[in-house]
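*Asks:* Predicted model follows, preceded by the sequence.
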Amino acid sequence: MLPQARRFDLTIGVCTCLPPTFPSSSGLVMMSSNTHFADNFGVARRFDMVLGNCGNVGIIMTSSQTCNTDNLGRARQYSMFTGCYTGMIIKGSPTVMVGD
């Protein structure tokens, strides 16, 4: 079980599109469920968007295979995202854990 990823949780990755001002960048989960919450923040799901400080975006691609929200797998700490900003979620809920 891993901590549930939520809106505004921290990410780290590499910016690959546009002239990357910051090839290595941190960022935030920017999309989440409007119906399910962990610690008062919407829970992140597969296919939600993350935004790097470089201005590039990525889409969460890995999630729990058994825990779903809004018919999408719940993203967790260490879930991977890909796109013009590619990397992983490095922070999650301190109180809500999600199984595989």
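*Replies:* Everything's here; your move.

*Asks:* What residues sit buried inside the lowest-mean-pLDDT helix or strand in the chain?
*Replies:* Of all the helices and strands that make up the chain, the one with the lowest confidence by mean pLDDT, DSSP states H and E is strand 24-29; it has a mean of 92. For strand 24-29, the neighbour count (16 or more other CB atoms under 10 Å) marks Ser25, Gly27, Leu28, Val29 as buried. Any C-beta I mention is one placed from the backbone N, CA and C, and that applies to glycine too.

*Asks:* I'd like the mean pLDDT over stretch 3-12, please.
*Replies:* Mean pLDDT, computed over stretch 3-12, is 98.

*Asks:* For it, which residues meet the burial criterion?
*Replies:* Of all the residues in stretch 3-12, those buried under the rule 16+ other CB under 10 Å are Pro3, Gln4, Ala5, Arg6, Arg7, Asp9, Thr11.

*Asks:* of these, closest to Arg74?
*Replies:* Distance to Arg74, by CB to CB, is smallest for Gln4 among the buried residues of stretch 3-12, at 6.2 Å.

*Asks:* so where is this structure shaky, pLDDT-wise?
*Replies:* 19-22 (pLDDT under 70).
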